[in-house]
Every structure is written in C-alpha cells, then in structure tokens.
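Undergrad: sequence and predicted model, in that order:
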Amino acid sequence: MRVNIQYSIEMEELEEETLRILKKAVNQIDGKLLKKVAQPDNLLSLTSATMIDEMRQSLANADILLRDVHNIITGYLQYKSAPTQEAPVMPANVPLDELQDKLHAFKDLMAQQEQNEISD
C-alpha cells in the first residue's frame, strides 16, 4: 500500500532531492530482468509469466516515482514563472487613540445594523 506524504525542504536542496527520487525510479527498473524478459528461453511458460509480472511491478513503481519527479519539476517551474508578490504595505504609524476611535465607531455601526435587522 502506498501513502502520499508532504514535507518541506530548503530551496537549495530541491535539485538534490529531486535527483535522489529520479535515481530511485531508475533503480526500480531491473536491467537484468528486462534482458531476460526481452529474450525468454520459453515465452509461453510460468517462468516467463512470473518475470513479466515482476517487470510490470517494477515499471509501475518506477512510474509512480517518475510522476513525483514530474510534479516536483512542474511545481518548481510554476513557482519560478509566477509573478512575485510584494508584501502588503503597512500604513504609517497610526496613533493608538485614533485606532481605538475607529474600532469603537466600527463596533457602534455593527450594533446599529444588528438593531435595524432585528426591528425589520
């Protein structure tokens, strides 16, 4: 059974981690088995059927890892091509008294609206 996990790494580690997963995918494909499947002694045999099934499973595991690598690369490319977002500009220092007055005015307005909704 497979599970999906998610974890974060530093941007500087991304290429190395992606390469690690890619190498794991390539290693899933058993070259010796591939040669045996390509030139079986007796194609219509239990041995051939077993080898082909093993190769299918090996390729399926490699495909899953290659999909992960593909998703990492496309996600990275989307990140790099997206416009940079600037941090929101904070207003200049507003005096605390002014902020409190605005908050009280907002609370009063909300209370009036609530009162109007109840009386309607």
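TA: Here it is on my side, so go on. Numbers count the residues shown, from 1 in each chain.
Undergrad: max-length helix in this protein?
TA: helix 46-81 (DSSP state H).
Undergrad: average pLDDT for it?
TA: Per-residue confidence for helix 46-81 averages out to 94 on the pLDDT scale.
Undergrad: for it, packing partners?
TA: Helices and strands touching helix 46-81, by 3 or more CB pairs under 8 Å, 6 or more residues apart in numbering; DSSP states H and E, are helix 14-28, helix 31-38. Bear in mind the C-beta positions are built from the backbone N, C-alpha and C, glycine included.
Undergrad: worst mean pLDDT among these?
TA: In terms of mean pLDDT, the lowest-scoring of these is helix 31-38 (a mean of 82).
Undergrad: test my guess that L22 contacts H70.
TA: No: look at L22 against H70 with CB atoms under 8 Å: they stay out of range, at 9.9 Å.
Undergrad: so for the two, which sits in the more crowded spot?
TA: Summary of the neighbour comparison: L22 and H70, criterion other CB atoms under 10 Å, with L22 having more neighbours (17 against 12).
Undergrad: for K24, list the residues it contacts.
TA: For K24, the contact set (CB atoms under 8 Å, 6 or more residues apart in numbering) comprises L65.
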